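J.: with the sequence up front, the predicted model follows.
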Amino acid sequence: MFAAFLATLPIYAPNQLLFETEILRQAAYMPSFANALLGASALLGIAVALMSARGRMDVVLRQGVVFMSAAAYVTGYGLFALAASFEGFAQPAVAVAAGLLLAAATVALSIAWGTYLAQFDLRQALLWLAVMVGVAALVELLLSSVTFAVGLIVFAVLVLLSCLVPCWLAWKGCLGEGEARSAAGLGAAGQLRSMASVVAMPFVGLMVFAFIMGPVSSPSST
């Protein structure tokens, strides 16, 4: 289900490739949608970061907020699909509404999924994240090989699946418990040490890859 969430994240442009052919016929729809989505996501992300700094993340993890976020995620994508499928819905107002709904839902659901992953230690979380990114990429590849109608049905199922775990955890009152256990088990310094030990070698490998694959300038001949 986390792979379904990754495969439908609206702020990752390739996830909209399914709608690309249809949207290109209504290109005026996209700027309003993208600007509303990205602008609202950035502002909400800053707001949530400030709330986290003040220890108020429990507000975002309340049952009602999570349920409303799931409804906004489904509704936002519903408006987006309507605009992609029917010319009459490809209006700036619909685009802005879809963008705002998806922005708010994406921020809230991302936090909910993050608190769920906090029950794992950092190595386990990174491993499962890497696996799920690969699964999501495979799903996107399969979606790109089917017709628009079939892809739309599958995409709708993925959107619903991506909301199930956060809603179930919120209903059970379990959101935030994993994060609390992680913070209690490790202090801030311990969490930083754990993070450094996990990401150090991948970071070195990334730097080596960037150096090898980077452009090489040759001295000009005289």
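T.: Looks like it arrived, so ask away. The structure displayed is predicted, hence computed values, not measured ones. Residues are numbered from 1 along each chain as shown.

J.: the nearest residue to residue 161 once chain neighbours are set aside sits in which helix or strand?
T.: Computed as CB to CB, 6 or more residues apart in numbering, the closest residue to residue 161 that is not its neighbour in sequence is residue 4, at 4.1 Å. Where C-beta positions appear, they are placed from N, C-alpha and C, glycine not excepted. In the assignment (DSSP states H and E), residue 4 maps to helix 2-8.

J.: repeat for residue 154
T.: helix 148-172.

J.: one more: residue 61?
T.: Per DSSP H and E, there is no helix or strand for residue 61.

J.: under the pLDDT cut-off, which ranges of the chain? List them.
T.: Residue ranges of the chain with pLDDT under 70: 17, 19-28, 176-206, 208-222.

J.: now do the strands in it.
T.: For the chain, no strands are identified by DSSP state E.

J.: do a quick rundown of the helices in it.
T.: 2-8, 20-23, 29-53, 63-85, 92-117, 122-143, 148-172, 177-185, 188-213 (DSSP state H).

J.: for the first one, name the packing helices and strands.
T.: The helices and strands touching helix 2-8, judged by 3 or more CB pairs under 8 Å, 6 or more residues apart in numbering; DSSP states H and E, are helix 92-117, helix 122-143, helix 148-172.

J.: out of the ones you listed, which one sits most buried?
T.: Comparing those by mean neighbour count (mean count of other CB atoms under 10 Å), helix 92-117 ranks first with a mean of 21.

J.: gap between stretch 49-65 and the chain center?
T.: Computed by CA atoms, centre = their mean, to the nearest Å, the separation of stretch 49-65 from the middle of its chain amounts to 18 Å.

J.: quick one: terminal-to-terminal distance for it?
T.: In stretch 49-65, first residue to last residue: 17 Å (CA to CA, to the nearest Å).

J.: identify all contacting residues around the helix holding residue 4.
T.: Contacts of helix 2-8 with the rest of the structure, by CB atoms under 8 Å, 6 or more residues apart in numbering, involve 12, 15, 77, 109, 113, 128, 132-133, 135-136, 139-140, 143, 155, 158-159, 161-162, 165.

J.: pull the distance from it to the chain's centre.
T.: 7 Å.

J.: from here on, call the first residue 620.
T.: In the new numbering, first residue 620, that becomes helix 621-627.

J.: and that helix, C-alpha only, in CSV?
T.: Provided in CSV are the C-alpha atoms of helix 621-627 (Å, rounded to 0.1, in the frame of the first residue of the first chain):
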residue,chain,number,x,y,z
PHE,A,621,2.9,2.3,0.6
ALA,A,622,4.0,1.5,-3.0
ALA,A,623,0.6,2.6,-4.1
PHE,A,624,1.0,5.9,-2.3
LEU,A,625,4.4,6.4,-4.0
ALA,A,626,3.0,5.5,-7.4
THR,A,627,0.2,8.2,-7.0
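
J.: residue 637 versus residue 760, what's the distance?
T.: To residue 637, residue 760 is 11 Å away according to CB to CB, to the nearest Å.
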